[in-house]
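A.B. asks: fold the stuff below for me.
(one chain, ligands or ions: 1)
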Amino acid sequence: MAFEGLADRLQSTIKKITGKGKVSEQDVKEMTREVRLALLEADVNFKVVKDLINRIKERAVGQEVMESLTPGQQVIKVVKEELTTLMGGEHSKIAVSDRPPTVIMMVGLQGAGKTTTTGKLANHLRKKQNRSPLLVACDIYRPAAIQQLETLGEQLSMPVFSMGTEANPVDIATKAIEQAKEEHNDYVIIDTAGRLHVDNELMDELQQIKSKVKPDEIFLVVDAMTGQDAVNVADSFNDQLDISGVVLTKLDGDTRGGAALSIKAVTDKPIKFAGMGEKLDELEAFHPERMASRILG
Ligand code: GDP
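C.D. replies: Numbering: from 1, shown residues only. Predicted structure coming up:
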């Protein structure tokens, strides 16, 4: 289970304060110290923790708590609200272009779950929003990636556009959008190439696709299990491509929570979806408030 350690620690810290009829500054100090340690242990970015703790402290010794009839519970409410804000506040929806098709570019490092998420997202759009997506295979460097997308397309009974490994990814994306218009596919989801590390060649190629197809969304897929590495990857993809959102995969594993809690604060881009398993229906819309409730119990 994701966040288990963090949830256990925060919940036991919270228990100590919930029932209190009066909350002293000393109580708040002790609580925030424990919250701080729990977050750092969960691999949350140092600066993010510092800012968060300052905000919690400021509010927890303020009027809204001290003058409340149930100050203990009020403190917890403050912690929950701040965790929610930290993860982006509201759940943000997928863009809809007023001139279809809506184009979504999927980017990320190899192994993060990009191709799988492309299939999951297509499935989500069809099931939840009655859309008919076209999947596009732009990872020309790995024949296996094209094959993988085609297999996903078969499983989903959805069209996959590919031109093999010889064509240029910008041309593939452009032609795919033309086909989508002809065939009335209202979403085009482009599975781009990934590498093992962020490098200039990869970024150049992604920038070229971006400037040609002008996507409505650029989703970066990152692996939650990689903790602060995921945050650094998100930061550099965002610098180069101005992404519109993040899909955090493998949240079904025993990830500690660092990526989920740091990405929005570091990149200012929301986590839009969470991958909860390998199957095509294991993608969930990311709701910051629900996530905070899950962590705080
Ligand atoms: P890509 O190289 O980024 O396209 O990554 P793939 O889509 O091939 O995924 C790499 C591996 O991660 C595959 O074995 C997927 O089944 C697995 N995977 C992707 N998303 C998730 C997820 O949310 N949870 C779990 N447990 N595995 C996932």
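
A.B. asks: tell me the residues of this structure that contact the ligand?
C.D. replies: For the chain, the residues in contact with the ligand (CB under 6 Å from any ligand atom) are 108, 110-116, 194, 249-250, 252-253, 275-278. Any C-beta I mention is one placed from the backbone N, CA and C, and that applies to glycine too.

A.B. asks: so of those, which ones are in strands?
C.D. replies: Of these, the ones assigned to strands by DSSP state E are 108, 249, 275.

A.B. asks: contact partners for the second one?
C.D. replies: It refers to residue 249. By CB atoms under 8 Å, 6 or more residues apart in numbering, residue 249 lies in contact with 112-113, 116-117, 221-224, 274-275.

A.B. asks: can you give me the helices for the stretch 1-150 of the chain?
C.D. replies: 4-18, 25-41, 46-60, 63-66, 71-86, 114-129, 143-156 (DSSP state H, counting those that start in this stretch).

A.B. asks: which residues sit against the fifth one?
C.D. replies: Same thing as helix 71-86. 10, 14, 17-23, 28, 31, 35, 48, 52, 55-56, 59-60, 64-65, 68, 261, 264-265, 288-289, 291-293, 295-296.

A.B. asks: what do you get for the second one?
C.D. replies: By CB under 8 Å, 6+ apart, the residues outside helix 25-41 that reach it are 5-6, 9-10, 13-14, 16-17, 20, 46, 49, 52-53, 56-57, 60-61, 75, 79, 256, 261.

A.B. asks: can you do 6 Å?
C.D. replies: Outside helix 25-41, the residues within contact range by CB atoms under 6 Å, 6 or more residues apart in numbering are 6, 9-10, 13, 17, 49, 53, 56-57, 60-61.

A.B. asks: next one: stretch 201-214
C.D. replies: Counting by CB under 6 Å, 6+ apart, residues outside stretch 201-214 touching it are 103, 107, 169-170, 173, 192, 195, 240-241.

A.B. asks: about what we covered before: quick check on the contacts of helix 71-86: which are buried?
C.D. replies: 10, 14, 17, 23, 28, 31, 35, 48, 52, 55-56, 59-60, 65, 261, 264-265, 288-289, 291-292, 295-296 (16 or more other CB atoms under 10 Å).

A.B. asks: from the ones in strands among the residues of the chain next to the ligand, pick the one nearest the ligand.
C.D. replies: Of all these, the ligand sits closest to residue 275, with 2.4 Å by CB to the nearest ligand atom.

A.B. asks: what's the closest non-adjacent residue to that closest one?
C.D. replies: Counting by CB to CB, 6 or more residues apart in numbering, residue 249 is the residue found nearest to residue 275 once chain neighbours are left out, at 3.4 Å.

A.B. asks: could you check how far that neighbour is from residue 230?
C.D. replies: 9 Å (CB to CB, to the nearest Å).

A.B. asks: for residue 70, give me the pLDDT.
C.D. replies: With respect to pLDDT, residue 70 has a value of 84.

A.B. asks: how about residue 1?
C.D. replies: 65.

A.B. asks: next: the one 3 residues further on.
C.D. replies: Reading off the per-residue confidence, residue 4 sits at a pLDDT of 90.

A.B. asks: now it: closest residue in space, sequence neighbours ignored.
C.D. replies: residue 254 (6.5 Å).

A.B. asks: and residue 135, what is it in contact with?
C.D. replies: 122, 149, 153, 160, 189.

A.B. asks: where does residue 181 land in three-state SS?
C.D. replies: Under DSSP: H, G, I helix; E, B strand; the rest coil, residue 181 falls in the helix class.
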